[in-house]
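Novice: okay, here's the prediction I keep looking at, along with the sequence it came from:
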Amino acid sequence: MKNFLNVSLMVLVCLNAFGQTTVLKKPKSVLDENYTYGKNRKHYVHTGFAYLAGVSATTLPNLEFRPLSSSVFQFFALYKYKINNTFSLTSELSFGGVELIFKFKDSIPQYSLFTTQKEDKINRGEIELRQNIRIRYSGTQSKIGNFIEIGILGGIATTNQYTHAGVTALNQKTEINFINSPVQLTDGNLYSFNRWYYGFAARLGFNRISFPFRYVNIGDVEYMVTGIEISFF
């Protein structure tokens, strides 16, 4: 009887020990070779914003482009697909605003409503897609690294407005706006600024901070801008 109780007790202890056994799985680390998501892994997504100033633009009749007063501001989301340690593909979706400012430089035309014409402006709200190839030339495994990018862009203007701004004979500041329509300038010709647009993009990046350059064609105006981007991790 005593032996039976001893054997039964040992069985219960063993069953209890096996029943409480927990299998612990080691969580994946970003340093594991099979970990596919991360700053320098197969897949990565991040967001950020960009501010760009004008470099140059198409010359319009009697108008002079003001590069430092012209600007582009965008928020963007970027997806990176790593091909190998050097090459990656990136796809971006951005939205923001564009303001191109032109200063009137000659005498006011006789048919103008203004006695003083201060400036003409192009204001656009835009949704844009960009597709790039990235060349990474340095950086650690856990960082985006330093890179060069080149690519193409295209988008649509959700708002598209051309503005004459000046002062009338009654000394009143006045604006004349043209929305999604051609504009007649001082040479008597009509100029169009398309809602759909395209261009080319480049970027020099250092981890979270990069310096983009873009060429954009919106119809009768082509312009170039450059600036700074900051990425949120």
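Specialist: Looks like it came in fine.

Novice: so Gly205 touches Lys143, yeah?
Specialist: No: using C-beta atoms under 8 Å, Gly205 makes no contact with Lys143, being 11.0 Å away. C-beta: built from backbone N, CA, C; applies to glycine.

Novice: so for those two, which sits in the more crowded spot?
Specialist: Just comparing Gly205 and Lys143: by other C-beta atoms under 10 Å the higher neighbour count belongs to Gly205, 20 against 15.

Novice: mind listing what the more buried one touches?
Specialist: 144, 146-149, 211, 229 (C-beta atoms under 8 Å, 6 or more residues apart in numbering).

Novice: nearest to Ser71 among those residues?
Specialist: Taking C-beta to C-beta as the measure, Ser71 lies nearest Glu229 of the contacts of Gly205, at 13.8 Å.

Novice: number of residues surrounding that closest one?
Specialist: 19.

Novice: what helix or strand is it on?
Specialist: Assessed by DSSP states H and E, Glu229 sits inside strand 222-232.

Novice: kindly state the beta-bridge partners for Leu153.
Specialist: Counting by DSSP bridges, Leu153 forms beta bridges with Arg130, Gly199.

Novice: before we move on, the earlier item: out of the contacts of Gly205, which are buried?
Specialist: 144, 147, 149, 229 (16 or more other C-beta atoms under 10 Å).

Novice: okay, and the second one sits in which element?
Specialist: To tie it back to what came earlier, the one meant is Phe147. Applying DSSP H and E, one finds Phe147 within strand 146-168.

Novice: which other helices and strands contact that strand?
Specialist: Under the contact definition 3 or more C-beta pairs under 8 Å, 6 or more residues apart in numbering; DSSP states H and E, strand 146-168 sits against strand 87-104, strand 114-138, strand 173-179, strand 193-206, strand 209-219.

Novice: now those as JSON lines including distance to Ala53 and mean pLDDT?
Specialist: Below are the helices and strands packed on strand 146-168 laid out as JSON lines (distance: least, C-beta to C-beta, whole Å; pLDDT from 0 to 100):
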{"stretch": "strand 87-104", "distance to Ala53": "11", "mean pLDDT": "96"}
{"stretch": "strand 114-138", "distance to Ala53": "15", "mean pLDDT": "91"}
{"stretch": "strand 173-179", "distance to Ala53": "23", "mean pLDDT": "88"}
{"stretch": "strand 193-206", "distance to Ala53": "16", "mean pLDDT": "97"}
{"stretch": "strand 209-219", "distance to Ala53": "11", "mean pLDDT": "97"}
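
Novice: closest to Leu63 out of those?
Specialist: Closest among these, using C-beta to C-beta: strand 87-104, at 3.8 Å.

Novice: within its sheet, name the partner strands of that closest one and how each one runs.
Specialist: By DSSP bridges, strand 87-104 pairs with strand 63-65 (antiparallel), strand 71-82 (antiparallel), strand 114-138 (antiparallel).

Novice: what angle do the second one and strand 209-219 make?
Specialist: Strand 71-82 and strand 209-219 are oriented at 110 degrees to each other (axes from the mean of the first three to the mean of the last three C-alpha atoms, to 10 degrees).
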